[in-house]
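# Take this sequence and fold it.
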Amino acid sequence: MMPMRTLRSMLASAAFVGLAAAPAFALDGADLVAKFNAASAANGTTITYDGADVDGDTLTLSNVILKTAAGPGRDLKIGEVTLEGIEEYEDGSYYVETVSLPDVNVSETEGSVSVKDIALGGLSIPANPAGGTIDDILLYESASTGPVSVTAKGKQVFALEGVDANLTRQESDTGFDFDATLKGLKADLSDVEDAKAKDAIQKLGLTNLAGEITMKGSWEIASGNISLGEFALDFANVGRLALAFDISGYTLEFMKSVQEAMKAQEANPNKEEANQALGLSMMGLMQQLTFNGASIRFDDASITKRVLDYLGKEQGVSGDQLAQSLKGLIPVMMAQLNVPELQNQVSAAANTYLDQPKSLTITAKPDKPVPFPMIVGAAMGAPNTMPSVLGVKVTAND
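All right, here's what the predicted structure looks like:
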């Protein structure tokens, strides 16, 4: 995606074709990094570097180190970083077409981590991160990696084919849409040391996992509406777990207030006092948020039957017998909550799912948005009203 400012820059350049050439613009690498740090510092990270080599619209930084608020022990040595296709706008902000980072290869006694082909595309660096528009946020248009590998004791235990993430500005720059995919995920759990856990993993057929993780959503700046349409974990021969939520009030001001509260916590040497202060701050900030809806859905891919068989065998019964026992036990457990309508929904959904496991869905969709203070009040004063306050529904195989 080409930002509007890039398009305007191109049109302006075209208008001056034929005029005498002005002296070449000298890119100020130190200024670019300073503004990058000013914007990223809000998230608790900054970078340092030993040298900055400018060649036209390309900036190469040597010996880059990513510093975090956690302290020197958590700093990450990156190495050489190349920024290409850099444009500086009249307001002092920057647009970087591509950012290339070196491969990660970290080895320790017990294992190693490697990440290849790390790159960012369309990096926007604001001139003034204290502003209140989308142009005042450090953003990228795309981020990706190649293969990712984690080894332990000489054996690969985790791998990814790659990661792809994208941010797309909405019309009129009101916000942005985002999506990400972690593809070709593989995990080897054969070397789990705990004997009981290892036995369960083997009997449930979870020794080798393969799947992917996907995410997509949007953020509207003015209203602070964050809609996570999907965060899904999908594994072969296990199932697909998808989460979604929709809240409002997460504005730039709210985000900056959270960041300031976290900075105050990190700066306070008295950690107990710092944590208490952070908790009070977060409780106060949460009052600005509004709940619009949420859902959890699981689509079975044979794991339910294996779990029933495994747990049933532990109790000396078959998986089908355990399922029948659960169908009788669930209504008794739900009755303790004193929520008859929800009890009936859960019992009906459980019966349907246990008879033929396909899908199980829990949704919370109130008739109108619910302020978070109202949710907290209901949870503390009358927890049995929560399902009606949030509009909770439970269904199976739909």
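
# Helix or strand: which one has Ala244?
If you go by DSSP states H and E, Ala244 is part of strand 239-248.

# Could you list the buried residues of that strand?
Neighbour-count burial for strand 239-248, with 16 or more other CB atoms under 10 Å as criterion, is recorded at 239-240, 242, 244-248. Backbone N, C-alpha and C define where each C-beta goes, glycine included.

# same deal with stretch 365-382?
By neighbour count, with 16+ other CB under 10 Å as the criterion, the buried positions of stretch 365-382 are 366, 369-372, 374-375, 378.

# List the contacts of the spatially most central residue of the chain.
Among the residues of the chain, Met215 comes closest to the average C-alpha position under CA atoms, centre = their mean, at 7.9 Å. Shown here is Met215, whose contacts under the criterion CB atoms under 8 Å, 6 or more residues apart in numbering are 178-181, 228, 230-232.

# in the sheet, who's paired with it?
The residues listed as beta-bridge partners of Met215 by DSSP bridges are Ala180, Phe231.

# now swap in Gly121 and tell me
Residues found in beta-bridge contact with Gly121 (criterion: DSSP bridges) are Thr98, Ser142.

# ok, it touching Tyr95?
No - between Gly121 and Tyr95 there is no contact under CB atoms under 8 Å: 10.9 Å.

# which residues touch stretch 184-197?
Outside stretch 184-197, the residues within contact range by CB under 8 Å, 6+ apart are 152-153, 155-162, 198, 201, 206-213.

# 7 Å instead, please
The contact list for stretch 184-197 (CB atoms under 7 Å, 6 or more residues apart in numbering) reads 152, 155-162, 198, 201, 206-213.

# Centre of the chain to stretch 328-338, how far?
Here the centre of stretch 328-338 is set off from its chain's centre by 35 Å, with CA atoms, centre = their mean, to the nearest Å.

# Can you list the neighbours in contact with that stretch?
Contacting residues not belonging to stretch 328-338 are listed as 343, 346-347, 350, 384 [CB under 7 Å, 6+ apart].

# Name the residues of the host helix or strand of Ser112 that come out as buried.
Counting by DSSP H and E, the element that carries Ser112 is strand 111-115. When burial is assessed from 16+ other CB under 10 Å, strand 111-115 yields the following buried residues: 111-112, 114-115.

# cool, and stretch 162-173?
Taking 16+ other CB under 10 Å as the basis for neighbour counts, the residues of stretch 162-173 that come out buried are 162-163, 165-167, 169.

# Keep only those of these that are in strands.
Using DSSP state E, 162-163, 165-167, 169 are the members of the buried residues of stretch 162-173 that sit in strands.

# of these, closest to Ala38?
Within these, proximity to Ala38 (CB to CB) peaks at Leu167, which comes in at 20.0 Å.

# circling back to that earlier point, the buried residues of strand 111-115: which two are farthest apart?
If you compare every pair in the buried residues of strand 111-115 using CB to CB, the most distant one turns out to be Gly111 and Val115, at 14.1 Å.

# returning to that earlier point: with distance to Asn338 and pLDDT as added columns, please give the buried residues of strand 111-115 in CSV.
As requested, the buried residues of strand 111-115 are arranged in CSV below (distance: CB to CB, whole Å; pLDDT from 0 to 100):
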residue, distance to Asn338, pLDDT
Gly111, 50, 91
Ser112, 54, 94
Ser114, 54, 95
Val115, 51, 96
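
# Now for Val394, how many residues are close by?
Other residues within reach of Val394 by the criterion other CB atoms under 10 Å amount to 20.

# same check, this time on Asn338
Neighbouring residues of Asn338 were enumerated by other CB under 10 Å; the total is 11.

# mind checking the SS state of it?
Asn338 carries the three-state label coil when classified by DSSP: H, G, I helix; E, B strand; the rest coil.

# quick one: it from Asp57, how far?
67 Å (CB to CB, to the nearest Å).

# wait, which of the buried residues of strand 111-115 is closest to Ser281?
Using CB to CB, Val115 comes nearest to Ser281 of these, at 34.9 Å.

# Now find how far off-centre the strand or helix carrying Leu59 is within its chain.
Assigned by DSSP H and E, Leu59 belongs to strand 58-68. For strand 58-68, the distance between its averaged C-alpha position and the chain's averaged C-alpha position is 25 Å (CA atoms, centre = their mean).

# That one - which strands sit beside it in the sheet, and in what orientation?
With DSSP bridges as the test, strand 58-68 is paired with strand 45-48 (antiparallel), strand 51-55 (antiparallel), strand 76-88 (antiparallel).

# ok, of the contacts of stretch 184-197, which come out buried?
The buried subset of the contacts of stretch 184-197 - by 16+ other CB under 10 Å - is 157-160, 162, 201, 206, 209, 211-213.

# In helices, which of those residues fall?
Residues from those lying in helices, with DSSP state H as the criterion: Ile201.

# Thank you, goodbye.
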